[in-house]
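Visitor: Predicted model and sequence below, questions to follow.
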Amino acid sequence: MHDDEQAADAAIARQKPLVAGLYLVATPIGAARDITLRALDILSSADVLAAEDTRTLRHLMEIHGIKLGGRPLLAYHDHNGAEVRPRILRALADGKSVAYASEAGTPVVADPGYQLARAVIEAGMPVTAAPGPSAAIMALSISGLPSDRFMFAGFPPAQAGARARWCDEIGTVPATLVIYESPKRIHRLLGELCEAWGEAREAALCRELTKRFEEVRRGTLGSLRDALADAPVKGEIALVIGRPLAVVADAADIDAALRDALGRLRVKEAAAEVAEALGLPRRDVYQRALALKDEDAG
């Protein structure tokens with residue numbers, strides 16, 4: 001069979017109706033050409049289309065020459081999920097194929113598609129995915145940090161107390177961490193991570209991945225925090241953080257360093273100096289400094 005005949009057969013195959021079910025379609029995080037051929041096939045063939053942002057999906061389809069035709073295009077996002085899910089479930093129950101696309105990246109990963117997929121699974125109907133772009137996986141790939149074991153930690157909580165508990169929970173996980181954060185809050189987050197985990201932990205700040213101003217800054221949590229102090233950044237950010245450092249200082253060394261520093265500085269400054277020098281979490285060292293001050297005062 002000639003190449004042109006094979007291409008024609010492939011085109012015909014792509015037009016065959018999809019089997020009923022929910023299809024989670026990964027879409028580009030920046031570069032429109034980063035979509036897979038299978039994703040295009042699904043977007044071309046699905047009976048019903050749903051999207052976190054319908055304008056973004058329409059634009060992507062236009063770029064790739066896919067016509068909507070008379071097919072329904074439903075907006076499905078955090079604010080209307082409870083109302084739209086029943087409509088999607090009815091379409092699936094009627095034997096329709098439904099394609100759901102995130103605004104960018106892989107559905108269900110920090111995305112409202114999770115509740116939709118869960119509802120479809122609980123209803124006993126098929127769910128499959130067309131894998132593709134993911135900011136978390138790309139950031140991990142180019143960070144230069146160990147990728148044999150990693151944890152996607154999503155967005156930090158907005159409230160300070162919840163964020164502090166979140167830091168405590170994930171700070172000792174023996175894996176590389178991938179975190180999403182807003183450019184408006186990234187400097188604050190880096191400062192809080194330095195306080196909680198110490199400044200010496202390796203990290204990479206990945207910004208605007210696959211886009212024109214793509215940038216990766218590699219260093220330590222402390223150096224990244226300092227670099228952003230007077231030079232705020234814009235765009236989508238994925239922060240990759242290396243696994244916890246092995247603590248080499250024993251309790252006696254820490255106490256000795258703290259007593260020396262407390263002889264010259266106030267508690268907070270003494271704790272900060274020792275934490276930075278020994279690569280230890282500032283919060284833990286601060287608590288030990290308070291205890292030593294009370295012991296010495298007694």
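Guide: Great, that's in hand.
Visitor: count of residues packed around I88?
Guide: By the measure other CB atoms under 10 Å, the count of residues near I88 is 22. In short, each C-beta sits where N, CA and C put it, glycine included.
Visitor: Please, which helix or strand holds it?
Guide: For I88, the host element (DSSP states H and E) is helix 81-93.
Visitor: what helices or strands is that helix leaning on?
Guide: strand 21-25, strand 48-51, strand 73-75, strand 97-101, helix 113-122 (3 or more CB pairs under 8 Å, 6 or more residues apart in numbering; DSSP states H and E).
Visitor: contacts for that helix?
Guide: For helix 81-93, contacts defined as CB atoms under 8 Å, 6 or more residues apart in numbering pick out 20-22, 47-48, 50, 72, 74-76, 98, 100, 112, 115-116, 119-120, 123, 125.
Visitor: Which ChimeraX command selects the buried ones in those?
Guide: Entered in ChimeraX, the line below selects the buried ones among the contacts of helix 81-93, by 16 or more other CB atoms under 10 Å:
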select :20,21,22,47,48,50,74,76,98,100,112,116,119,120
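Visitor: E192 - how many residues pack around it?
Guide: Residues near E192, counting by other CB under 10 Å, number 20.
Visitor: Alpha carbons of the helix or strand where it lies, as PDB, please.
Guide: In this structure, E192 is located in helix 186-197 according to DSSP H and E. Coordinates of each C-alpha in helix 186-197 appear next as PDB, following Å, rounded to 0.1, in the frame of the first residue of the first chain:
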ATOM      1  CA  ILE A 186       5.800  33.300  44.700                       C
ATOM      2  CA  HIS A 187       8.200  35.500  46.700                       C
ATOM      3  CA  ARG A 188       6.100  35.200  49.900                       C
ATOM      4  CA  LEU A 189       6.000  31.400  49.400                       C
ATOM      5  CA  LEU A 190       9.700  31.100  48.900                       C
ATOM      6  CA  GLY A 191      10.300  33.100  52.100                       C
ATOM      7  CA  GLU A 192       7.900  30.900  54.000                       C
ATOM      8  CA  LEU A 193       9.600  27.700  52.700                       C
ATOM      9  CA  CYS A 194      13.000  29.100  53.800                       C
ATOM     10  CA  GLU A 195      11.600  29.700  57.200                       C
ATOM     11  CA  ALA A 196      10.100  26.200  57.400                       C
ATOM     12  CA  TRP A 197      12.700  24.100  55.600                       C
END
